[in-house]
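K.L.:
Take a look and give me a structure for this.
(one chain, ligands or ions: 1)
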Amino acid sequence: VPLLGGDVEVRFDRAAVAVDDATIGLLRDVCERVDVDDRSRLAAGRDWWPLTVGWALAGEVPARAGAVARPATTAEVAGVLAVCSDRRVPVTPSGGRSGVCGGAIPVFGGVALDLCGIDGIVAVDNDSLLVDVRAGTFGDRLESDLRAGHGLTLGHWPQSIALSTVGGWLACRSAGQYSSRYGKIEDMVVGLEVVLADGRVIHTGGTAPRAACGPDLTQVFVGSEGALGVITEARLRAWPAPAYQRGVAYGFATFADGLDACRRTMRRGATPAVLRLYDPTESSRNFDQPGCVLLAVDEGDPGLVDAGLRVLHQESRPAVRLADGLVERWLAERNDTSALEWAVRHGLVVDTIEVAARWSALGAIYGGAVGALEDLEGTVSASAHQSHAYPDGACLYFTFAGQTAAAEDYYRRAWDAVVAVTLAQGGALSHHHGVGLNRGRHLAGALGPAFGVLTAVKAALDPAGILNPGKLGLPSPFGDAPWP
Ligand SMILES: Cc1cc2nc3c(=O)[nH]c(=O)nc-3n(C[C@H](O)[C@H](O)[C@H](O)COP(=O)(O)OP(=O)(O)OC[C@H]3O[C@@H](n4cnc5c(N)ncnc54)[C@H](O)[C@@H]3O)c2cc1C
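P.N.:
Numbers count the residues shown, from 1 in each chain. As a prediction, this is how the structure comes out:
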């Protein structure tokens, strides 16, 4: 979205913390690249949060950083954090800025910490299938370097693979499209290098495949969305790059029938890498098919792949087998976002909401959430697909579009409706996009008394509250979050 050419309004300017010349000088002593030009500061003021993509079309950016620090080493990150901690300046870490919840928006100004310069594979232990990689490495580069140099794959294929970084994945608990075989990023990580708010560098885990050395400190930082520490390097599990891949498609009469086939397949221990079930609206929109389309793709050892797909075939009866061309179409078009861009440009309020729940709750969440969205005045379309499946449950990925003059009010009510249905059924607020700014108001309710543990951890690790203030619904010394 073009933005930086003309006059730009800054939505969250009111509470912005300026970075004075003395602080800029100190930052430049510890970090070679610190930019203060307006273009850099504005570009660092936004991410892919769909609501703000609409704002951008109207010449509005969510925030403006006071300065943009672009470290190239862990030592530079440590230096920046030590200065900012000392001078009480907010620091908002960012990777590819592909986050869709406003997590990388520096809502209180201060320093935007762009981690993209800390990139590349550090080491590969092919015997142990482990890769050490710097946090700013983009997904497509990591995957191609792993394959070309080592014959390995990470198996992590978020739709945003070319837009997002390893650090962003870990900070948001990202999921790739192949997660039923390879797991989410939290299943792939075995250890981290993290810079704490005061500049101390720590290492967590990473020494052995399993350990019993107290609580898992790696997982304290996975999903912490830049609010507990800055991830600079990770040790991740990899797999031999697969030479064999197969896909199949089935057509179900109802969404409930399709969900049940997925449940029974996973229950028997089959792990097709991709298992996606589309409701009637999305089956028609994406594949020109009546009923509900189920797509499965698996890869790896041919014996395991064929056995898993045989289980799926048995559990899909009496659904009809559809043309393999549907799978090829999905594989070719799966990272295409042009429909979303078209809708935003045509004035629709559009977003996606991914939640997760037990199999026993998924049907009620699907029906309740789509129904609640359809009941909202202004809704043009509400639909969902089951996007990631596990033995105990799955992710439901809703898409809504509305047309109304009260865009932000409609947007807020759409989110509140889906969240209310999900939490009432005991589901998780998010499966893989995280909380950021947009879902911050819901996290305390979703976690219940355990939210107090999170606030205590935040206070212990970041007593000055400088790390990504305004996110995760956490209290901030700089004021209340500016959204909603
Ligand atoms: C078209 C599109 C498709 C998408 N598809 C998927 C998908 O399939 N699966 C999925 O999981 N997500 C998807 N996303 C969401 C997004 O790509 C993920 O949330 C991703 O993990 C964000 O990575 P990033 O590097 O862009 O992080 P950013 O957006 O830059 O930051 C996200 C959050 O992480 C924090 N952060 C970033 N780097 C670090 C670090 N090194 N240390 C500490 N905190 C850090 C930031 O402060 C912020 O809170 C999609 C987004 C888009 C736009």
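K.L.:
tally of neighbours for the residue of the stretch 201-350 of the chain found nearest the ligand?
P.N.:
Residue nearest to the ligand within the stretch 201-350 of the chain: residue 226 (2.8 Å; C-beta to the nearest ligand atom). Where you see a C-beta, it was placed from the backbone N, CA and C, and this is true even at glycine. Neighbours of residue 226 under the rule other C-beta atoms under 10 Å: 27.
K.L.:
Ok, residue 363 next?
P.N.:
Residue 363 has 17 neighbours, counted by other C-beta under 10 Å.
K.L.:
for the one 3 residues further on, same thing?
P.N.:
As a burial measure, residue 366 scores 22 neighbours (other C-beta under 10 Å).
K.L.:
Contact distance from the ligand - what residues of this structure qualify?
P.N.:
Residues of the chain lying near the ligand by C-beta under 6 Å from any ligand atom: 47-48, 92-100, 103-104, 115, 135, 158-160, 163-165, 167-169, 171-172, 174-175, 225-226, 230-231, 337, 432-434, 436, 468, 471.
K.L.:
Minimum distance to the ligand, which residue of the stretch 351-484 of the chain gives it?
P.N.:
residue 432 (3.7 Å).
K.L.:
and that residue, what does it touch?
P.N.:
For residue 432, the contact set (C-beta atoms under 8 Å, 6 or more residues apart in numbering) comprises 158, 172, 173, 174, 175, 184, 354, 388, 395.
K.L.:
count of neighbours near the third one?
P.N.:
It refers to residue 173. Based on other C-beta under 10 Å, the number of other residues close to residue 173 is 21.
K.L.:
Ok, the fourth one next?
P.N.:
Residue 174 sits with 28 neighbouring residues when counted by other C-beta under 10 Å.
K.L.:
Over to it: give its phi and psi.
P.N.:
phi -70, psi 160 (degrees, to the nearest 10).
K.L.:
one step back: inside helices: which ones of the contacts of residue 432?
P.N.:
Applying DSSP state H to those, the entries found in helices are residue 172.
K.L.:
Now that we have the contacts of residue 432, can you turn them into TSV and tack on pLDDT?
P.N.:
Listed next are those as TSV, based on pLDDT from 0 to 100:
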residue	pLDDT
158	98
172	98
173	98
174	98
175	98
184	98
354	98
388	98
395	98
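K.L.:
between the contacts of residue 432, which is nearest residue 273?
P.N.:
Nearest to residue 273, judged by C-beta to C-beta, of the contacts of residue 432 is residue 388 at 10.4 Å.
K.L.:
Find the centremost residue of the protein, please.
P.N.:
residue 433 (3.3 Å; C-alpha atoms, centre = their mean).
K.L.:
Spit out the contact partners of that residue.
P.N.:
Applying C-beta under 8 Å, 6+ apart, we find residue 433 in contact with 99, 100, 101, 172, 354.
K.L.:
Show me what the least confident helix or strand in the chain by mean pLDDT is in contact with.
P.N.:
Sorting the helices and strands of the chain by mean pLDDT, DSSP states H and E puts helix 338-345 at the bottom, at a mean of 86. With C-beta under 8 Å, 6+ apart as the test, helix 338-345 has contacts from 50, 53, 54, 57, 350, 401.
K.L.:
Once you drop chain neighbours, what's closest to the third one?
P.N.:
It stands for residue 54. Of all residues not flanking residue 54 in the chain, residue 344 sits nearest, at 5.7 Å (C-beta to C-beta, 6 or more residues apart in numbering).
K.L.:
Pull the number of nearby residues for that neighbour.
P.N.:
20.
K.L.:
now it: how far from residue 95?
P.N.:
23 Å (C-beta to C-beta, to the nearest Å).
K.L.:
neighbours around residue 144, how many?
P.N.:
By the other C-beta under 10 Å criterion, the neighbourhood of residue 144 contains 10 residues.
K.L.:
what about stretch 422-439, start to end distance?
P.N.:
For stretch 422-439, the first and last residues are 13 Å from each other (C-alpha to C-alpha, to the nearest Å).
K.L.:
in that stretch, what's buried?
P.N.:
For stretch 422-439, burial by neighbour count (16 or more other C-beta atoms under 10 Å) applies to 422-423, 425, 427, 429-439.
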